[in-house]
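Asks: dropping the sequence and predicted coords here.
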Amino acid sequence: MWSKSLPYSKKDVYYDNAKFRHRSLVKMISQSLHTSNVKHHCMSCSTGKFLFLIMIFGVAYLMLTRTSPTNSVTGGFVKGSKNNSVEHITGGGIRFGNIFRKPPRLPPQLPPDEKGSNGNLGDERRKLNSDPKWIARQQDVKKAFIHAWSGYKKYAMGFDELMPVSKHGVDGLGGLGATVVDALDTAMIMGADEVVSEASLWIETHLSNRINQTGQVNLFETTIRVLGGLLSAYHLSSVENGMDSTHKGPKPVVYLETAKNLADRLLSGFTSSPTAIPFGDVVLRDPSAHPAPDGRSSTSEVSSLQLEFNYLSSVSGDPKYSVEAMKVLEHMKTLPKVEGLVPIFINPSTGEFSGENIRLGSRGDSYYEYLLKVWLQKNQESNVTYLYDMYEEAMKGVRHLLVRKSIPNGLVFVGELPYGSEGSFSPKMDHLVCFLPGTLALGATKGITKKKAMTDSVINFEDLKNLKLAEDLAKTCFEMYSVTSTGLAPEIAYFHTEEFSEGGLDGGNKSSEYVNDIIIKPADRHNLLRPETVESLFVLYRITENPKYREWGWQIFEAFEKYTRIDTGGYCSLDDVTSVPPHKRDKMETFFLGETLKYLYLLFGDSGVLPLDKFVFNTEAHPIPVEGTTKRG
């Protein structure tokens with residue numbers, strides 16, 4: 001309801017209920033009288049009173065006798081914004097009692113080009129899901145996954161990662177077979193039965209012993225990749241979720257018991273710390289934990305453990321995992337922030353943020369992601385509302401302090417504040433920041449489509465701002481790919497602004513419209529097969545149903561196929577995306593199988609698989625069910 005102190009502009013006279021819909025002619029006249037001095041002058045004399053009464057009776061007569069349109073904009077009914085009561089709008093006039101009723105609050109209406117030709121969302125979705133082109137392209141992604149796995153199986157089975165050029169394995173993540181666990185739920189989702197059997201057999205045979213004997217691991221990386229992968233495999237093997245195949249492999253309890261063994265050891269990271277902020281390094285075989293060499297932890301690392309530990313408490317019946325993990329976010333709620341934004345380092349010994357560097361790239365990114373996703377995981381319960389409040393405040397801070405446009409063509413990007421809000425702005429954007437469009441879109445509709453959110457009146461103008469920013473940033477992230485000679489994005493890009501410019505550092509694709517907007521420095525030209533952009537394309541496609549996001553994803557996939565595929569098996573990172581042919585970097589990151597190919601497969605597939613209002617994906621793309629929305633077998 002409008003505040004009395006809030007003045008109407010002339011423009012507002014033509015709209016009803018915060019500009020949700022156009023006002024009727026009668027409403028315009030009455031509002032004009034209400035907001036002008038004419039009323040006061042007329043009512044001061046008897047003639048004026050007489051004329052005013054005539055006008056009132058005339059308006060009442062028109063309203064009683066006029067016929068409503070046969071088809072209303074809402075299809076025959078509207079839902080109240082507070083109590084969801086339904087008021088039917090009939091076609092034969094309006095009851096007298098309704099004359100004085102406050103008009104219903106309608107949501108923002110879809111632009112004409114987004115409504116669709118027949119308005120039948122079910123038919124449109126079935127048509128999209130049955131398009132042979134996308135079915136074929138989804139199968140191409142599955143073939144790429146099997147090719148990636150074949151190289152890993154042949155040359156690196158049981159190691160953390162494959163070095164596809166030199167054809168051997170390497171342990172860079174503690175020696176827990178990270179690629180096996182990261183890839184397992186992707187194989188389940190794709191119905192790659194042979195891969196599921198091979199990966200699950202290795203887990204059942206070897207992983208528990210590895211956990212018991214392993215030394216130091218990183219708490220964050222082990223949680224999101226290994227613990228998250230085990231828990232997702234547990235859920236997917238326990239429940240029918242529209243996957244392509246029946247479960248292959250050990251009983252689900254094997255995944256759960258292995259996850260509990262790992263988590264029990266990881267808990268020392270929390271219990272060893274004198275504050276609510278856990279130590280970052282854990283020795284599994286002891287178990288014990290200690291801070292990083294400089295004493296600080298990454299903000300994103302300590303605040304991106306909650307989805308996994310919460311779900312483990314839910315399925316194990318033991319609250320200790322969730323209790324320890326949620327203490328981190330409860331503590332962070334109390335710390336000072338800059339318009340919701342936080343520095344990228346925090347000290348577990350003091351519990352305070354360290355330094356002033358604010359960014360949404362490395363060491364900062366998933367803090368913001370988990371504020372939203374943990375709230376969604378908890379099914380938007382009132383006791384975790386503070387998380388959504390922190391998220392909303394942070395996104396306002398992003399829009400105010402970090403969002404800029406490039407020149408000459410106005411790409412919207414998110415920069416950094418290396419020296420805090422009082423320091424200079426840096427037009428630097430990590431590829432990691434490309435998680436943000438997907439998170440913004442998810443926060444705007446809570447996982448349902450934009451069309452449904454608007455129809456059900458569950459989206460407001462703040463949400464629409466965030467959704468618009470999501471779409472603008474997704475375009476920028478895609479252009480970071482298309483501006484290069486290889487069609488693959490660099491690890492870091494800078495943007496040409498009025499204050500910042502460097503010549504001769506473009507991406508190499510001279511035909512790109514944005515070749516002069518994006519600056520790629522020599523040290524930043526590598527590509528690690530990262531998933532963030534295709535993750536956001538997946539989420540935005542699910543929410544907006546705009547096919548351009550599929551087309552963009554396909555272009556990225558084709559570039560991966562052309563320049564990173566190794567014929568003998570696997571895919572490699574690249575040293576320089578601006579030169580052709582690019583020099584190959586001898587490493588296949590686990591997240592290429594766990595995230596990048598999974599998101600591409602889901603982008604091209606049926607939107608009913610792993611719906612975003614019933615699952616949250618952890619920051620390593622392992623789907624975890626929203627509490628109370630799915631049943632375990």
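Replies: Perfect, thanks for sending it.
Asks: send me stretch 548-566 as PDB with only the CA atoms.
Replies: Listed next in PDB are the C-alpha coordinates belonging to stretch 548-566 (Å, rounded to 0.1, in the frame of the first residue of the first chain):
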ATOM      1  CA  LYS A 548      18.900 -18.800 -26.900                       C
ATOM      2  CA  TYR A 549      20.600 -20.200 -23.800                       C
ATOM      3  CA  ARG A 550      20.600 -23.700 -25.300                       C
ATOM      4  CA  GLU A 551      22.100 -22.300 -28.500                       C
ATOM      5  CA  TRP A 552      24.800 -20.600 -26.500                       C
ATOM      6  CA  GLY A 553      25.500 -23.700 -24.600                       C
ATOM      7  CA  TRP A 554      25.800 -25.700 -27.800                       C
ATOM      8  CA  GLN A 555      28.400 -23.300 -29.200                       C
ATOM      9  CA  ILE A 556      30.500 -23.600 -26.100                       C
ATOM     10  CA  PHE A 557      30.200 -27.400 -26.200                       C
ATOM     11  CA  GLU A 558      31.300 -27.400 -29.800                       C
ATOM     12  CA  ALA A 559      34.400 -25.400 -28.900                       C
ATOM     13  CA  PHE A 560      35.300 -27.800 -26.100                       C
ATOM     14  CA  GLU A 561      35.000 -30.700 -28.600                       C
ATOM     15  CA  LYS A 562      37.100 -28.900 -31.200                       C
ATOM     16  CA  TYR A 563      40.000 -27.800 -29.100                       C
ATOM     17  CA  THR A 564      40.100 -29.800 -25.800                       C
ATOM     18  CA  ARG A 565      39.300 -33.300 -26.800                       C
ATOM     19  CA  ILE A 566      42.200 -35.800 -26.700                       C
END
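Asks: pLDDT weak spots in the chain?
Replies: The chain contains residues with pLDDT under 70 at 1-128, 240-248, 630-633.
Asks: identify the residue nearest the geometric centre of it.
Replies: residue 439 (2.5 Å; Cα atoms, centre = their mean).
Asks: ok, residues contacting the helix or strand containing it?
Replies: For residue 439, the element it lies in under DSSP states H and E is helix 436-445. Outside of helix 436-445, the residues within contact range by Cβ atoms under 8 Å, 6 or more residues apart in numbering are 360, 365, 368-369, 372-373, 376, 391-392, 395, 398, 414, 450, 452-453, 458-459, 463-464, 466-467, 469-471, 473-474, 477, 535-540, 543-544, 612. In this view, the C-beta of every residue, glycine as well, is placed from N, C-alpha and C.
Asks: and for stretch 228-244?
Replies: 181-182, 184-185, 188-191, 200, 203, 247, 249, 252, 255-256, 258-259, 262, 307-308, 311-312, 315, 594, 606, 608-610, 618, 620, 622-625, 630-633.
Asks: and those, which of them are in strands?
Replies: Under the assignment DSSP state E, these contribute 623-625 to strands.
Asks: could these go into CSV alongside distance to residue 529 and neighbour count?
Replies: Shown next, in CSV, are these (distance: Cβ to Cβ, whole Å; neighbours: other Cβ atoms under 10 Å):
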residue, distance to residue 529, neighbour count
623, 20, 23
624, 23, 22
625, 28, 23
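Asks: tell me the one of those nearest residue 329?
Replies: Distance to residue 329 across the ones in strands among the contacts of stretch 228-244 (Cβ to Cβ) is lowest for residue 624, with 16.2 Å.
Asks: that closest one bridge partners, please.
Replies: residue 616 (DSSP bridges).
Asks: any idea how far residue 177 is from residue 264?
Replies: Relative to residue 264, residue 177 is positioned 19 Å away (criterion: Cβ to Cβ, to the nearest Å).
Asks: who has more neighbours, these two?
Replies: Taking other Cβ atoms under 10 Å, residue 177 and residue 264 do not tie; residue 177 has more neighbours (25 against 16).
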